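**Student:** Sequence and predicted structure are below.
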Amino acid sequence: MSKTMKAIRMYAPRDLRLEQVPVPQIRKDEVLIKVMAVGICGSDIPRINELGAYISPITPGHEFAGEIVQVGSDIKNFKAGDRVTVPPILPCFRCEYCEQGHYALCKDYKYYGSRNDGAFAQYLAVPEPNLLKIADNVTYEAAATTDPLANALHGVKRSGFKPGDSACVVGCGAIGLFALQYMKAKGATTVVAVDVNDKKLESAKNCGADVAINGLDDDVVEQIAAATDGGADVVIDASGFPIAQHNAIMATAKHGTTVLLGISHKPLELSEKCVDQLMRGEQAVVGSWNSFSSPFPGWEWTHGVECLADGTIDAEKVITHKLPLADVPDIFDKIYKKEIFFNKILFLPWVD
Ligand SMILES: [Zn+2]
Ligand SMILES: [Zn+2]
């Protein structure tokens, strides 16, 4: 095996370089993964185009799948040749939140692509608790989307969704599209999709949405109510826009639940009518953060890979690009300049 590999290194926001770097050395409790597919997460876009990461330079990327090619001496349940995907958090497993199984709230965690080198590279070293086998019929491309799928499943779980509920998803990026595919497959009566982009609404219809509504319409709330017999039992906001969050609460049924999942970094003001409806309708508003539960990495991940294997989820309906690693700098530049339409963008580090 070669001692060096291709990797994308970020030196500063918008300064990404394709470089030749050493292949990581594995510890006894790690395996070496040959990265076959890695996605751009919604969170990578502000990190790479504006904010930067916690270390510099860094190899970004945390949504990936690949093949195990080397195994440390302490590894028990995996071998070379296994096909795996990887939850990207490295929790401390010691703090009070980790002890309660709330790994996303860990006080001292590491994370591929933001606090540690990530997967915009040909190889990555990963410890055993972060390995999850994928079925033979699941492609590496599909498996690389397990992270946004697990985020969607965590949001659905937080909503209390059950078969027979009506559902609405606001924001049709990868997480929103996975949430609506899942609820449709699991017996939602009606699934409504809302987005401001008509192409994303087309993807939502392709993913099984019964009704697709443009979020720029004045009467979004009325349209959702009309489609769901007065309000949806579950509304998941995956957009993070305050107006959308407000509409999500307004479009929720009595005794229904609104899930705030999209990151906004903005204040949210509720109108008098909204607060009144929230109280009188005994509605719940809950937050959803990341994708982990106990035992690590949690139901979101183990069920996510099952859903990819049994066809509950079709990841191809969410993937819009499959590109070589060398295209990373150009794609982030195009995203920055708003020059491309995209949903899930994947890079294939072994394809030129
Ligand atoms: Zn992600
Ligand atoms: Zn912890």
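**Tutor:** Thanks, I have it. Ligands and ions are numbered 1, 2, ... in the order given.
**Student:** so which strand or helix has the closest residue to ligand 1 within the stretch 1-150 of the chain?
**Tutor:** Among all residues of the stretch 1-150 of the chain, residue 41 sits closest to ligand 1, at 3.0 Å; criterion: CB to the ion. Every residue, glycine included, has its C-beta placed from N, CA and C. If you go by DSSP states H and E, residue 41 is not part of any helix or strand.
**Student:** how about the nearest residue to residue 297 once chain neighbours are set aside, secondary structure?
**Tutor:** Closest residue to residue 297 in three dimensions, ignoring its sequence neighbours and counting by CB to CB, 6 or more residues apart in numbering: residue 87, at 3.8 Å. In terms of secondary structure, residue 87 is coil; the call rests on DSSP: H, G, I helix; E, B strand; the rest coil.
**Student:** roughly how far apart are the residue of the stretch 1-150 of the chain closest to ligand 1 and residue 51?
**Tutor:** When distance is defined by CB to CB, to the nearest Å, residue 41 is 13 Å away from residue 51.
**Student:** With neighbour numbers in mind, choose between the two.
**Tutor:** For residue 41 against residue 51, the residue with the higher neighbour count under other CB atoms under 10 Å is residue 41, and the figures read 23 against 11.
**Student:** For the more buried one, which residues are in contact?
**Tutor:** 62-63, 113, 147-148 (CB atoms under 8 Å, 6 or more residues apart in numbering).
**Student:** Tell me the predicted confidence for residue 155.
**Tutor:** The predicted local confidence for residue 155 comes out at a pLDDT of 98.
**Student:** Specify the local secondary structure of it.
**Tutor:** helix.
**Student:** which element is the spatially most central residue of the chain on?
**Tutor:** By CA atoms, centre = their mean, the mean C-alpha position of the chain lies nearest to residue 148, the distance being 2.0 Å. Per DSSP H and E, residue 148 falls inside helix 146-159.
**Student:** Now find how far off-centre that helix is within its chain.
**Tutor:** On the basis of CA atoms, centre = their mean, to the nearest Å, the separation between the geometric centre of helix 146-159 and that of its chain is 8 Å.
**Student:** Which elements pack onto that helix?
**Tutor:** Secondary-structure packing of helix 146-159 (3 or more CB pairs under 8 Å, 6 or more residues apart in numbering; DSSP states H and E): strand 63-71, helix 174-185, strand 232-237, strand 252-260, strand 284-287, helix 299-310.
**Student:** So in that sheet, which strands flank the third one, and in what orientation?
**Tutor:** In other words, strand 232-237. With DSSP bridges as the criterion, the sheet partners recorded for strand 232-237 are strand 167-170 (parallel), strand 252-260 (parallel).
**Student:** Next: the shortest one.
**Tutor:** As defined by DSSP bridges, the strand partners of strand 284-287 come to strand 252-260 (parallel).
**Student:** got the buried residues for the strand it pairs with?
**Tutor:** With burial defined by 16 or more other CB atoms under 10 Å, the residues of strand 252-260 counted as buried are 252-253, 256-260.
**Student:** Out of these, which two sit at the greatest distance?
**Tutor:** The most widely separated members of the buried residues of strand 252-260 are 253 and 260, with 16.8 Å between them, by CB to CB.
**Student:** Residue numbers of the stretch 1-150 of the chain in contact with ligand 1?
**Tutor:** 41, 147 (CB under 5 Å from the ion).
**Student:** need the strands for the stretch 1-150 of the chain, in chain order.
**Tutor:** Listed in chain order, the strands of the stretch 1-150 of the chain (DSSP state E, counting those that start in this stretch) span residues 4-12, 15-22, 30-39, 63-71, 83-85, 89-90, 110-111, 123-127, 132-133.
**Student:** Select, out of the ones you listed, the one closest to ligand 2.
**Tutor:** Between these, strand 89-90 lies closest to ligand 2; by CB to the ion that is 9.5 Å.
**Student:** That closest one packs against which elements?
**Tutor:** strand 110-111.
**Student:** Which neighbouring elements make contact with the strand it packs on?
**Tutor:** In terms of contacts (3+ CB pairs under 8 Å, 6+ apart), strand 110-111 is packed against strand 89-90.
**Student:** Low-confidence stretches in the protein?
**Tutor:** Scanning the chain with the threshold set as pLDDT under 70 gives no residue ranges.
**Student:** interface residues of it facing ligand 2?
**Tutor:** Residues of the chain found near ligand 2 (CB under 5 Å from the ion) are 91-92, 95, 98, 106.
**Student:** I'd like to know which of those residues are buried.
**Tutor:** Buried positions within the residues of the chain next to ligand 2, assessed by neighbour count (16+ other CB under 10 Å), are 91, 95, 98, 106.
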